[in-house]
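1. I need the structure of the sequence given here:
(one chain, ligands or ions: 1)
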Amino acid sequence: MLILQKIVTFPSKTIINKIAVLLVSLLFIIGVLASDPDPLMDFCIAKSAESSLTCKNSSTATVEDFTYSGIKFPGNFKQTGFSSKGVNSNVFPGLNTLGVSFVRADFGVGGVNVPHFHPRATEVGFVLEGKVYSGFVDSNNKVFAKVLEKGEVMVFPRGLLHFQMNVGDGPATILGSFDSQNPGLMRIPNAVFGSDIKEELLEKAFGLSSKELSKLKKRFSSI
Ligand SMILES: *[C@@H]1O[C@H](CO)[C@@H](O)[C@H](O)[C@H]1NC(C)=O
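-> Modelled structure (predicted):
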């Protein structure tokens with residue numbers, strides 16, 4: 001009887017293990033499918049930003065196609081004390097089909113990178129300079145945030161709302177890396193108040209008077 005039980009329980013454990021392995025493999029496959037597709041060639045330098053699917057003849061490629069010097073310096077600062085230069089396959093055609101891109105972000109003292117998300121990529125943010133309060137919100141509205149120092153890194157999972165603020169007494173700079181050649185960017189204030197969503201809806205949704213709404217629309221209509 002005891003022996004029989006052992007024989008019976010042993011294979012069922014194996015089956016559970018097999019199911020676990022299958023589930024983990026499935027999750028992995030889903031994870032892989034969620035990223036940019038794998039390249040089919042060594043590289044595919046986009047002929048133009050509009051036609052990223054058309055590759056430049058590879059025998060005409062030079063090292064210049066694989067280098068980029070547009071983020072040596074910060075971009076223009078917004079009224080939030082923040083400047084960013086996104087380097088995706090549209091501005092750096094050499095990234096086309098490679099599934100990666102990056103951004104340089106600079107903060108004046110107290111500068112803020114408003115809550116935003118990237119619909120197509122997970123981001124890793126590396127603090128090159130300064131002290132940056134950095135965080136994201138998960139789908140239960142739980143906030144994961146802390147002050148990062150120079151040399152520290154934070155990961156912002158794909159599609160989740162995240163934000164940053166320079167809390168040091170000097171400028172701050174971050175290099176963000178994405179697992180997509182074109183991560184996309186949706187800034188919440190701009191997407192909500194800078195777009196053409198019907199005013200009545202926004203007033204009701206946020207409990208705003210038309211005067212308060214027009215102030216917000218004015219502030220966020222220019223990106
Ligand atoms: C690419 O360029 C090389 C050299 O100019 C040429 O021989 C080749 O035919 C071109 N390939 C295509 C697909 O146009």
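2. C-alpha only now, for contacts and for neighbours.
-> OK.
3. in the chain, which helix or strand is least confident?
-> Here the helix or strand of the chain ranked lowest by mean pLDDT, DSSP states H and E is helix 2-33, holding a mean of 52.
4. give the buried residues for stretch 191-204.
-> The neighbour-count check on stretch 191-204 (16 or more other C-alpha atoms under 10 Å) flags A191, V192, F193, G194, L202, E203 as buried.
5. ok, now stretch 133-146?
-> For stretch 133-146, burial by neighbour count (16+ other C-alpha under 10 Å) applies to Y133, S134, G135, F136, V137.
6. so the third one sits against V143, correct?
-> The one in question is G135. Yes: contact between G135 and V143 holds when scored by C-alpha atoms under 8 Å: they sit 6.9 Å apart.
7. quick one: stretch 147-164 to chain centroid distance?
-> 10 Å (C-alpha atoms, centre = their mean, to the nearest Å).
8. list the contacts of stretch 119-133.
-> 35, 145-159, 164-168, 170-180, 182-186 (C-alpha atoms under 8 Å, 6 or more residues apart in numbering).
9. got the buried residues for that stretch?
-> Buried residues in stretch 119-133 (16+ other C-alpha under 10 Å): 120-133.
10. just these: which are in strands?
-> When those are checked against strands (DSSP state E), the matches are E123, V124, G125, F126, V127, L128, E129, V132, Y133.
11. which of these sit farthest apart?
-> Among those, the pair separated by the greatest distance (C-alpha to C-alpha) is E123 and E129, at 17.9 Å.
12. please state the offset of stretch 163-182 from the chain centre?
-> 11 Å.
13. please export the C-alpha coordinates of it as CSV.
-> Taking C-alpha atoms only, stretch 163-182 is exported to CSV below (Å, rounded to 0.1, in the frame of the first residue of the first chain):
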residue,chain,number,x,y,z
PHE,A,163,8.9,60.3,-12.7
GLN,A,164,12.1,62.0,-11.5
MET,A,165,13.1,65.2,-9.7
ASN,A,166,16.5,66.6,-9.1
VAL,A,167,16.8,66.9,-5.3
GLY,A,168,20.5,67.8,-5.2
ASP,A,169,22.0,71.2,-5.1
GLY,A,170,23.6,71.0,-8.5
PRO,A,171,22.6,69.9,-12.0
ALA,A,172,21.7,66.2,-12.6
THR,A,173,22.0,64.0,-15.7
ILE,A,174,20.6,60.6,-16.5
LEU,A,175,21.2,58.2,-19.3
GLY,A,176,18.1,56.1,-19.9
SER,A,177,18.3,52.9,-22.0
PHE,A,178,15.3,51.2,-23.6
ASP,A,179,14.7,47.7,-24.9
SER,A,180,13.0,49.0,-28.0
GLN,A,181,14.3,51.0,-31.0
ASN,A,182,11.2,53.2,-30.6
